[in-house]
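In: Got a predicted structure plus its sequence, pasted below:
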Amino acid sequence: MKALSFRITSNHLLMCVFLSLLLGVPDSAQDTVSSPKNVKDLKALTQNETSITLQWSKVENISYYILVVNETKINVTSAQVTYTVTNLASGTKYNFTVFTVLGNVRSSGANVNAFTAPENVKYLKVLTQSETSITLQWSKVENISYYILAFSGKEINVTSAGPQVNYTVTNLTSGTKYNFTVYTVLGDVRSSGESITTFTAPENVKDLKALTQNETSITLQWSEVENISYYILAFSAKEINVTSAGPQVNYTVTNLTSGTKYNFTVFTVLGNVRSSGANVNAFTGKLYFLLYNHLTRTRTKLCLHHLYPFWG
């Protein structure tokens with residue numbers, strides 16, 4: 001009986017130990033948390049010279065996101081689907097990784113590369129302009145792909161290797177206001193743009209002539225030019241601003257020296273831009289004398305202006 005009792009007791013104990021081990025071991029399938037899903041549609045939404053805004057599709061039932069950029073970790077709440085990374089360097093490529101986190105388990109991560117916008121051009125100015133063209137100039141920006149010059153709904157790609165970039169826009173309309181914006185481009189990212197507004201030169205006056213003159217004054221006449229600010233009449237290192245509303249503009253220059261030849265130039269002005277100018281020469285006095293030697297003969301010739309070239 002004792003031997004039988006021992007055997008039963010031993011089996012019973014073995015069964016108890018087995019059951020205890022079975023019940024005491026945790027179910028790994030129940031306690032292990034699986035990795036959450038990665039975000040989808042990760043992209044750079046916007047960027048400027050010092051920041052990049054990222055966007056992704058929301059992942060449900062997670063604790064939060066981790067955004068890693070240049071080994072810096074940033075926790076982002078589960079309610080957010082955009083995040084702006086600031087204090088970046090202009091014209092620089094960055095790699096971003098977004099992880100989803102559930103408990104203490106993170107996903108494998110989704111990646112995107114993006115550039116900050118390159119810096120804008122500096123010292124943008126109008127170098128020259130005519131009735132149909134404008135030449136712009138700006139300082140070169142290093143380490144970019146190219147420039148974009150935008151105006152009047154058009155965009156022109158510009159490349160240059162020099163320290164100064166000059167570009168002439170042609171086939172423009174005279175006396176017209178234009179707004180130009182120059183962007184720098186790196187990859188497929190452009191800067192915020194630098195802008196300048198200017199005018200093409202207005203057209204010159206037509207039919208410029210000396211209408212009347214006496215010993216001390218000359219009256220000039222020309223046809224009116226529409227849509228300009230005013231005229232400039234230049235002669236003898238002087239400049240006079242002239243305004244007129246009539247179809248014909250008359251202006252009398254006084255206090256002149258008798259028997260003197262004058263060169264007059266009339267410019268049209270729009271904004272701060274003047275035309276190339278129209279010219280006319282005229283003498284004071286209705287009658288003037290011209291003395292000269294004719295080859296071997298030495299006699300005085302009387303020249304009647306506008307009547308006879310020589311008086312013999």
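Out: Received, thanks. Numbers count the residues shown, from 1 in each chain.

In: pretty sure Thr170 is touching Thr132, no?
Out: Yes: Thr170 is within contact range of Thr132, at 6.6 Å (criterion: CB atoms under 8 Å). In short, each C-beta sits where N, CA and C put it, glycine included.

In: Settle it for me: which of the two has more neighbours?
Out: Thr132 (15 against 9; other CB atoms under 10 Å).

In: what about Tyr83, which SS state?
Out: Classification of Tyr83 using DSSP: H, G, I helix; E, B strand; the rest coil returns strand.

In: What's opposite it in the beta bridge?
Out: Note on Tyr83: beta-bridge partners by DSSP bridges are Leu54.

In: Check the burial of it by counting its neighbours.
Out: Look at Tyr83: counted by other CB under 10 Å, it has 19 neighbours.

In: same check, this time on Ser244
Out: Using other CB under 10 Å: Ser244 sits among 14 other residues.

In: How about it, nearest residue that isn't a chain neighbour?
Out: Leaving out its chain neighbours, the residue that sits closest to Ser244 by CB to CB, 6 or more residues apart in numbering is Glu224, at 6.5 Å.

In: could you list every residue that touches the one you found?
Out: Contacts for Glu224 were tallied using CB atoms under 8 Å, 6 or more residues apart in numbering; they are Ser244, Ala245, Gly246, Pro247, Gln248, Val249.

In: For Gln221, see how far away the third one is.
Out: Counting by CB to CB, to the nearest Å, the gap from Gly246 to Gln221 is 10 Å.

In: higher neighbour count, the two?
Out: More crowded of Gly246 and Gln221, by other CB under 10 Å: Gln221, with 16 against 8.

In: helix/strand/coil for that one?
Out: strand.

In: Might one say that Ser192 is in contact with Pro118?
Out: No: between Ser192 and Pro118 there is no contact under CB under 8 Å: 10.0 Å.

In: hey, what's in contact with both of those two?
Out: Common neighbours of Ser192 and Pro118 (CB under 8 Å, 6+ apart) are Glu49.

In: quick one, which of these two is more surrounded?
Out: The neighbour comparison of Ser192 against Pro118 (other CB under 10 Å) goes to Pro118, with 24 against 13.

In: need the contact list for that one.
Out: Contacts for Pro118 (CB under 8 Å, 6+ apart) come out as Glu49, Ser90, Gly91, Val141, Asn143, Ile144, Thr184, Val185, Leu186, Val189, Arg190, Ser191.

In: Give me the neighbour count for the last one.
Out: Residues contacting Ser191 under the criterion other CB under 10 Å number 25.

In: which residues of the stretch 201-312 of the chain fall in strands?
Out: 206-213, 218-223, 230-235, 238-242, 248-253, 261-270, 273-274, 278-283 (DSSP state E, counting those that start in this stretch).

In: JSON lines please, covering the ones you listed and showing mean pLDDT.
Out: Converted to JSON lines, these look like this (pLDDT from 0 to 100):
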{"stretch": "strand 206-213", "mean pLDDT": "96"}
{"stretch": "strand 218-223", "mean pLDDT": "97"}
{"stretch": "strand 230-235", "mean pLDDT": "97"}
{"stretch": "strand 238-242", "mean pLDDT": "96"}
{"stretch": "strand 248-253", "mean pLDDT": "96"}
{"stretch": "strand 261-270", "mean pLDDT": "97"}
{"stretch": "strand 273-274", "mean pLDDT": "94"}
{"stretch": "strand 278-283", "mean pLDDT": "97"}
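
In: Could I get those strands in a markdown table, plus columns for distance to Asn75?
Out: Converted to a markdown table, these look like this (distance: least, CB to CB, whole Å):
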| stretch | distance to Asn75 |
| --- | --- |
| strand 206-213 | 74 |
| strand 218-223 | 75 |
| strand 230-235 | 65 |
| strand 238-242 | 67 |
| strand 248-253 | 74 |
| strand 261-270 | 59 |
| strand 273-274 | 57 |
| strand 278-283 | 72 |
